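Predicted model follows, preceded by the sequence.
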Amino acid sequence: MTKPESGSLTAEAFNRIRAEILACRLPPGQKLVIADLCHDLGFSLGAVREALSRLTSEGLVEAEPRKGFRVAPITEAELRDITQVRATIESLCLESAIRHGDVKWEANIVATLFELSRLDLQDPADPARVSEVWADAHRRFHEALVAACDSPWLLRLRETLFVQSERYRRVSVPLNRAGRDLQSEHKAIADATIARDAATASAALRDHLQKTTRILIASEVVKAHEAETA
């Protein structure tokens, strides 16, 4: 009878710590002290340790021999790699969705785009961070675009890459003010997708993903994080 409860607590600990990492409240490179996480989050030692092991397999946490765990650092090389692979996989998902999508799929894209356009990117209480409400709507918009893709494996790969790129996007938020119009970028992708123009939609999607990378590299924010965790 205790196994389901134990599994549930581990899953809850996993989701809480994962959310803290993706929101950069646990920043790249930070040492993760299990006792501190147990105290701060209210989970048992076993649940936190198992959660960290699962996060290691996701690439969000690193296990260091004789040193314990730390949040995976961010690097310029990884950023470039993730962006290139994600652009390829997400474009394939989008092209498949365009071929197979129906009216309900189109309606969901329109609905999530509208919702996203009505939300502020930055957290009013802390403008240096992404609003969690916006982040959730942003995730659902990108999921809506590819929802009609007929390949479960492509969708799984896309989800993994989305998660991996999330920390980089969060780091770029304070830089988004410099003339970037995210609403127009999202609308361009959605309009081309609903028009069933796969070439234009894929190009707009790739540009959208690569723009964050270009902003981060130009700002040298990632290099600064890299230097701190070296």
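Yep, that arrived.

now His208, nearest residue through space, not along the chain?
Glu185 (4.7 Å; CB to CB, 6 or more residues apart in numbering). Every C-beta, even on glycine, is put in place using the N, C-alpha and C of the backbone.

On the C-terminal side of the helix or strand hosting that neighbour, identify the next helix or strand.
According to DSSP states H and E, Glu185 maps onto helix 182-194. Once the chain leaves helix 182-194, the next helix or strand it forms, by DSSP H and E, is helix 198-219.

separation between Leu60 and Glu185?
Distance check for Leu60 against Glu185: by CB to CB, to the nearest Å, it reads 26 Å.

Pick out whichever of these two has more residues nearby.
Leu60 (21 against 17; other CB atoms under 10 Å).

Now do the same contact list for Asp150.
Going by CB atoms under 8 Å, 6 or more residues apart in numbering, Asp150 touches 96, 99-100.

so it, which of the three states?
Look at Asp150: counting by DSSP: H, G, I helix; E, B strand; the rest coil, its state is coil.

Got the domain ranges for this structure?
Following automatic domain parsing, one gets these domains for the chain: 2-71, 76-229.

which stretch in the ones you listed has the least confidence?
Lowest mean pLDDT of the domains of the chain: domain 2-71, a mean of 86.

could you pull out the strands for the protein?
For the chain, strands defined by DSSP state E occupy the ranges 31-32, 61-64, 68-71, 122-123, 126-130.
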